[in-house]
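In: test case, fold it:
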Amino acid sequence: MKHSFKIISEYINDDFRAMQAQPEDTEEVLSLLVETAEWLRSQGSSQWSALLKGEDSHDTAGAIRRGDVFVFKKDSKVAGMVILLQQPSAWDRQLWGTQANEEDGAVYVHRLAIRRKYARTGLGRDILAWSSSGIRFENKHVVRLDCVGDNERLNEFYPRNGYTFVGKTDGYSTYERPIPF
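Out: All right, here's what the predicted structure looks like:
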């Protein structure tokens, strides 16, 4: 599938540059995801734990090849990443039901992660904001995402950053935000 997008803001702040991930970024992106899964486990969460067993339900290497992964680099090192899908995945269709279809005008956010050394710097917030205002996808007007329903921090974080709670499905909270034009 051809991706039609334009990066509007190349720098998400003074230190981090946004760009589409390239195959040579794969190893660094996967190590970031494992680092995040290890941190989540240290916080008592089993979220993303399959990554610790070498299982990647998002096929991140394939997503990089397809052009769905965006990285945020400081100097030449990956500091953060996000997967932005222009078509809903099977997971998205399960959570969003009939709202998720090929013509829904939505971009789906998955696997937003930052290196722990950049925790509490605002990088996660900046990547989230960039996902709706720093990049434009043709014929897309809303950004959607989900999180575990009992993750209080994320369920407070998303509304604070312009996302509207849509509902709960199978223990997951769903959120969306219009893409400003």
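
In: now do the longest helix belonging to the chain: distance to the chain's middle.
Out: Across the chain, the longest stretch assigned as helix under DSSP state H is helix 26-42. Relative to its parent chain, helix 26-42 has a centroid offset of 14 Å by CA atoms, centre = their mean, to the nearest Å.

In: who's in contact with the helix or strand following it?
Out: Per DSSP states H and E, helix 26-42 leads on to helix 60-66 as the next helix or strand towards the C-terminus. The contact list for helix 60-66 (CB atoms under 8 Å, 6 or more residues apart in numbering) reads 1, 3, 21-23, 25-26, 29-30, 33, 69, 83, 111. Heads up, the C-betas are built off the backbone N, CA and C, glycines and all.

In: of those, select the buried ones using a PyMOL command.
Out: Buried residues among the contacts of helix 60-66 (16 or more other CB atoms under 10 Å), as a PyMOL selection:
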select buried, resi 21+25+26+29+30+33+69+83+111
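
In: for residue 99, state which of the contacts of helix 60-66 is nearest.
Out: Closest to residue 99 out of those is residue 83 (19.3 Å), distances taken as CB to CB.

In: and the closest one, what helix or strand is that in?
Out: Using DSSP H and E, residue 83 falls in strand 77-85.
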